[in-house]
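>>> have a look at this prediction, sequence included:
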Amino acid sequence: KAGVTQTPRYLIKTRGQQVTLSCSPISGHRSVSWYQQTPGQGLQFLFEYFSETQRNKGNFPGRFSGRQFSNSRSEMNVSTLELGDSALYLCASSFSGSLFFGPGTRLTVL
Amino acid sequence: AQTVTQSQPEMSVQEAETVTLSCTYDTSESDYYLFWYKQPPSRQMILVIRQEAYKQQNATENRFSVNFQKAAKSFSLKISDSQLGDAAMYFCAYRRGNTGGFKTIFGAGTRLFVKA
């Protein structure tokens, strides 16, 4: 089976812009989670989707949003980008409770 | 709230030797799962090993094994016969039982160096 794929792999944006990241889970996996990874804060949970419904949400401002489509693909959106949003954004699909991660999207906000 | 603590920011081991990475967690739940994930310099995070809290037997996966002490809320990872490819960041992680989704909480990580 193909692994979790994320696009784009690298992104450079400026403050105030918005960005959309995409994630395709492993075939058959219905749960998709998003995590933000930074050197200072480590890995922080953003949200989880299951069958197109948000099942869990982390402690992030409303600028961070996501959705899941009927084919389990997921997108996350960050509006009004801030310098502190620079991070590696990891998507993971879940099967039997274990997470399977994609390679991540490196977002740099200038 | 659940927390996961990894008290060793860095560890070093000689090739072919054994190393143990420490992890403690805090939860009031009785049904939960614990994991060790590995993130090599290429950044792709991979699952190393998983332990269900209801299982008394410690999980093992080839050279990787855990010491799960439920009462002490301790979950250490032992890597035997260390190889150069084991060099990576290791994250201990916790997830509640099967109700309520798969939100996973990670520790801060331990960077493992392997010396040739």
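Received the coordinates, thanks. Residues are numbered from 1 along each chain as shown, chains lettered A, B, ... in the order given.
>>> residues from chain B in reach of chain A?
B:33, B:35, B:37, B:43-47, B:50, B:91, B:93, B:95, B:98, B:100-109 (Cβ under 8 Å from any Cβ of the partner chain). The way it works is simple: take the backbone N, C-alpha and C, and place the C-beta from them, glycine included.
>>> any chance of a PyMOL selection covering the buried ones in the residues you listed?
Here is the PyMOL command that selects only those of those that count as buried (16 or more other Cβ atoms under 10 Å in any protein chain shown):
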select buried, chain B and resi 33+35+37+43+45+47+50+91+93+95+101+102+103+104+105+106+107+108+109
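>>> once you drop chain neighbours, what's closest to B:Tyr37?
B:Phe91 (4.6 Å; Cβ to Cβ, 6 or more residues apart in numbering or on different chains).
>>> report the separation between that neighbour and B:Met45.
Separation of B:Phe91 from B:Met45 (Cβ to Cβ, to the nearest Å) stands at 8 Å.
>>> where do the contact lists of these two overlap?
B:37-39 (Cβ atoms under 8 Å, 6 or more residues apart in numbering or on different chains).
>>> give me the pLDDT for B:Asn98.
Note on B:Asn98: pLDDT of 68.
>>> hmm, I typed the wrong one, I wanted B:Ser30.
87.
>>> that one falls within a strand, correct?
No. If the criterion is DSSP: H, G, I helix; E, B strand; the rest coil, then B:Ser30 is coil and not within a strand.
>>> for residue 10, give the beta-bridge partners.
With no chain named, the answer covers chain A. Beta-bridge partners recorded for A:Tyr10 (DSSP bridges): A:Arg106.
>>> oops, wrong one, chain B.
Where B:Glu10 sits in a bridge, its partners, by DSSP bridges, are B:Arg111.
>>> OK, contacts around it?
B:110-113.
>>> now, of the residues you listed, which are buried?
For the contacts of B:Glu10, buried by 16+ other Cβ under 10 Å: B:110, B:112.
>>> would a markdown table of the contacts of B:Glu10 with pLDDT be doable?
Conversion of these to a markdown table gives the following (pLDDT from 0 to 100):
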| residue | pLDDT |
| --- | --- |
| B:Thr110 | 97 |
| B:Arg111 | 97 |
| B:Leu112 | 98 |
| B:Phe113 | 97 |
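>>> what's the distance between the most centrally placed residue in chain B and B:Glu29?
When Cα atoms, centre = their mean is applied to chain B, the residue found nearest the centroid is B:Trp36 (3.0 Å). Noted for B:Trp36: a distance of 19 Å to B:Glu29, by Cβ to Cβ.
>>> next: A:Asn77.
Distance check for A:Asn77 against B:Glu29: by Cβ to Cβ, it reads 32 Å.
>>> now do the strands in chain B.
B:3-5, B:10-14, B:19-21, B:24-26, B:32-39, B:46-52, B:60-61, B:64-69, B:74-79, B:88-96, B:104-106, B:110-115 (DSSP state E).
>>> would you format those strands as JSON lines with distance to A:Ser86 included?
Below are the strands of chain B laid out as JSON lines (distance: least, Cβ to Cβ, whole Å):
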{"stretch": "strand B:3-5", "distance to A:Ser86": "24"}
{"stretch": "strand B:10-14", "distance to A:Ser86": "24"}
{"stretch": "strand B:19-21", "distance to A:Ser86": "28"}
{"stretch": "strand B:24-26", "distance to A:Ser86": "29"}
{"stretch": "strand B:32-39", "distance to A:Ser86": "18"}
{"stretch": "strand B:46-52", "distance to A:Ser86": "24"}
{"stretch": "strand B:60-61", "distance to A:Ser86": "35"}
{"stretch": "strand B:64-69", "distance to A:Ser86": "33"}
{"stretch": "strand B:74-79", "distance to A:Ser86": "30"}
{"stretch": "strand B:88-96", "distance to A:Ser86": "19"}
{"stretch": "strand B:104-106", "distance to A:Ser86": "19"}
{"stretch": "strand B:110-115", "distance to A:Ser86": "21"}
